[in-house]
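> Okay, here's the prediction I keep looking at, along with the sequence it came from:
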Amino acid sequence: MELLKVSNLTKSFGGVVANSDVSLDIHEHEIVSIIGPNGAGKTTLFNLITGVDKPDSGNIQFAGEDITSFPAPKIASLGLVRTFQQTKIFRDLTVVEAVMTGRHLHDRTTLLAALLSSPLARQEKRKSYEKAVDIIEFLGMQARQDAITQNLPYGEQKLLNIAIALAAEPKLLLLDEPAAGTNPIEAKRLMETIKKIKETGVTVGLVEHNMRLVMNISEKVFVLNYGELIAEGKPEEILKNAEVVEVYLGRRKRA
Amino acid sequence: MRKHALKAAAILGIILLPALLNEPFYQHILITAGINVILAVSLGIIVGYLGELSLGHGAFYGIGAYASALLCLKLNLPFAFSFFIATFFTGFMGYLIGIPALRLSGHYFAIATLGFQGIVILLIINLVDLTRGPMGLSGIPSPGEFKLFGATISFQDKIPYFYLTLVVVLVVLFLTSNLIRFRHGQAFVATREDPMLASSIGVDPRKYRMLAFAISTAIAGSAGSLYAHYALFISPDSFHLPESIYLATMVIIGGRGTIAGPVIGALMLTLLPEVLRFTGNLQFVLYGLMLMIVVIFMPQGIVGIFSKSRKTEDKTPELIDAAAKHGTP
């Protein structure tokens, strides 16, 4: 069943067409990657899907609901959560506090309960703490639990961004260049992590430049170039696609 | 355990304060300090947890004071009613102002609140029929009196009013510290730290900014009501821009992003001029100097000295970070 259905999305900024008539589907329990050269419109596509930007035309459906005009927080509440290329982590909080903040949608504390510090509020906070600790452990960051997030090494900041997103219990998790700037060891760890996330029943959409990572874990790959979708298919098909090889991977002779 | 014992001792000490300071002048300072604590803590929600500087808090303080006074004077409502109505009314005004103002952030938000501050004072001065303009409102009734063990206790006396103020201070501290601790406070901080990340996990920045602003201004309104029925006379002078700046100074000097910070800031800025009074003409020079020292040497505010600076807590990850960066192309 398709979880996300993007139909004919177009978005331009001034004269620059960032996305032109892009259509793609992401099915449940898949890992799907979107690749393409810099400026191909990958991040714009994520921004449109998650409500950060609005498309000029086209339509986005998530779990059968038309979310094209929904604001970002509402889209998140339906279970579509993303991370950011410029890692975002709530800089002044500790790791566990940052991940607890990600529990917002699942914390049932009412304003009155909070003001009076009622048993409901305390219980929900304890629950969020336990969930946050679980997620931190799941990502192997136990040692960092009480560190201030901005002091974390870069690779772990990227993981933390994922932890915050996971705390929101997404059905579809969109990762925007999670491996950018990570060293090979961190990238490998990330790959394992993404696989593990998928095993917990989360569908994963990925924008990524790290080809080894993409080809290793994706079940399906979409290729964008100058805002247009030029190819889609299994990783091995994409590697053989002449156009993709030309625009993105480089010509064989030159390599 | 030790923390609770300390807290209990502090509260007991405060309760016994008026007995120790039996001059009306000292008691007056205590009441003023209490009202300032309420104002600073409420402004601290905006400054510390939304990360926005409001220069219009004095105006909300004034709205509460005038609303409460007018409810008593024109409608003969008892203090208990006018206090709560004034609180809600001010919060509602905060909500209305928040609709346009909270679309802005940073310097632009500060300027918007500055504009609002000016408008409120102009309205108070010019709605002469209602507010008696620059002459101010006089004859505001005191909260009245009640009988306890046969003795009549009147809120016109300073000691009972001190205890009334203290009750409000404690309730405000209880409510705000809880507000900050749970889901809503986390959402405030999320919008302060990164509105985009906040919305990506389902926190609606606009909703929580409005909520924090409305609650903060409502509390300022309650402080206004307390002030009006204590001073029994109010005029626009008590609520103009210098008051707003004074309140913002309390929060920043005390320490943003905590509850204790604004409390300390309010106490310090209220008590310091009195303590320095013996220096005569030097009073304001020393006062200004001390504020500058705090700002220069304690960028986290006074509370910063007590809590170990969080940012320097662990240095090791930075080293690892540096090493990691060398490893990547």
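Nice, I can see it.
> Quick check: longest helix in chain B by residues?
Of all segments of type helix in chain B, defined using DSSP state H, the longest is helix B:205-231.
> Show me what it is packed up against.
Applying 3 or more CB pairs under 8 Å, 6 or more residues apart in numbering or on different chains; DSSP states H and E, we find helix B:205-231 packed against helix B:24-44, helix B:57-75, helix B:79-101, helix B:158-181, helix B:183-193, helix B:195-200. (C-beta placed from N, C-alpha, C; glycine too.)
> for the longest one, what is the average pLDDT?
In other words, helix B:158-181. The predicted model assigns helix B:158-181 a mean pLDDT of 91.
> returning to what we had before: ok, and for the longest helix of chain B, which residues are buried?
With burial defined by 16 or more other CB atoms under 10 Å in any protein chain shown, the residues of helix B:205-231 counted as buried are B:205-206, B:208-231.
> got the angle for that helix vs helix B:183-193?
Here helix B:205-231 runs at an angle of 110 degrees relative to helix B:183-193 (axes from the mean of the first three to the mean of the last three CA atoms, to 10 degrees).
> ok, and what's touching the helix or strand following helix B:205-231?
Per DSSP states H and E, the first helix or strand lying C-terminal to helix B:205-231 is strand B:233-234. Under the criterion CB atoms under 8 Å, 6 or more residues apart in numbering or on different chains, residues B:62, B:65-66, B:69, B:136-140, B:227-228 lie in contact with strand B:233-234.
> State the pair within these that is farthest apart.
Spanning the widest gap among the contacts of strand B:233-234 are B:Gly62 and B:Gly139, at 18.0 Å by CB to CB.
> Have a look at those two and say which one is more surrounded.
Between B:Gly62 and B:Gly139, B:Gly62 has the larger neighbour count (other CB atoms under 10 Å in any protein chain shown), namely 32 against 9.
> which residues sit in contact with the nearest residue to the more buried one once chain neighbours are set aside?
Distances taken as CB to CB, 6 or more residues apart in numbering or on different chains place B:Phe239 nearest to B:Gly62, at 2.9 Å, with adjacent residues excluded. Under the criterion of CB under 8 Å, 6+ apart, the neighbours of B:Phe239 are B:58-59, B:61-62, B:65, B:120-121, B:124, B:224.
> try A:Ala231
Going by CB under 8 Å, 6+ apart, the list of residues near A:Ala231 reads A:221-223, A:238, A:241, A:243-244.
> Next, give phi and psi for it.
phi -160, psi 150 (degrees, to the nearest 10).
> partner residues bridging it?
Beta-bridge partners for A:Ala231, by DSSP bridges, are A:Val223.
> Distance check, it against A:Val221.
8 Å (CB to CB, to the nearest Å).
> who touches both of the two?
The contact sets of A:Ala231 and A:Val221 overlap at A:Ile238 (CB under 8 Å, 6+ apart).
> Which elements pack onto the helix or strand containing A:Glu97?
Using DSSP H and E, A:Glu97 falls within helix A:95-101. The contact analysis (3+ CB pairs under 8 Å, 6+ apart) places helix A:95-101 against helix A:119-138, helix A:154-167, helix B:183-193.
> Contacts for the shortest one next, please.
Judged by CB under 8 Å, 6+ apart, the contacts made with helix B:183-193 from elsewhere in the structure are A:90-93, A:97, A:100-101, A:104, A:107, A:109, A:111, A:114, A:121, A:124-125, B:45, B:49-51, B:179-180, B:197-198, B:201, B:203, B:205, B:208-209, B:211-212.
> now swap in the first one and tell me
Contact partners of helix A:119-138, identified using CB under 8 Å, 6+ apart, comprise A:95-96, A:99-100, A:102-103, A:106-110, A:113-114, A:142, A:144-145, A:163, A:166-167, A:196, B:178, B:181-183.
> Would you mind listing the buried residues in that helix?
Here helix A:119-138 shows A:120-121, A:124-125, A:127-128, A:131-132, A:135-136, A:138 as buried, counting by 16+ other CB under 10 Å.
> if we can go back for a sec, out of the contacts of helix A:119-138, which end up buried?
A:95-96, A:99-100, A:102-103, A:107, A:109, A:113-114, A:144, A:163, A:166-167, B:178, B:181-183.
> Secondary structure class of B:Ala10, three-state.
Per DSSP: H, G, I helix; E, B strand; the rest coil, the local secondary structure of B:Ala10 is helix.
> okay, now it: neighbour count?
Neighbours of B:Ala10 under the rule other CB under 10 Å: 10.
> Relative to B:Phe174, how far out is it?
14 Å.
> do A:Leu24 as well
Using CB to CB, A:Leu24 is found at 52 Å from B:Phe174.
> Over to A:Asn19?
In terms of CB to CB, A:Asn19 sits 51 Å off from B:Phe174.
> quick one on the thing from earlier: would you format the contacts of strand B:233-234 as TSV with pLDDT included?
Converted to TSV, these look like this (pLDDT from 0 to 100):
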residue	pLDDT
B:Gly62	94
B:Ala65	94
B:Tyr66	95
B:Ala69	93
B:Gly136	85
B:Leu137	88
B:Ser138	86
B:Gly139	84
B:Ile140	85
B:Tyr227	95
B:Ala228	93
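> do stretch A:47-64 and chain B meet at all?
Yes. On the criterion CB under 8 Å from any CB of the partner chain, stretch A:47-64 is in touch with chain B at A:50-52.
> which among these gets closest to A:Lys188?
Nearest to A:Lys188 out of the residues of stretch A:47-64 next to chain B is A:Thr50 (CB to CB; 27.3 Å).
> Around chain B, which positions in the stretch 101-250 of chain A sit nearby?
So the stretch 101-250 of chain A meets chain B at A:101-102, A:104-105, A:107, A:109, A:111, A:113-117, A:121, A:124-125, A:144, A:147-148, A:150-156, A:164-165, A:167-168, A:181-186 (CB under 8 Å from any CB).
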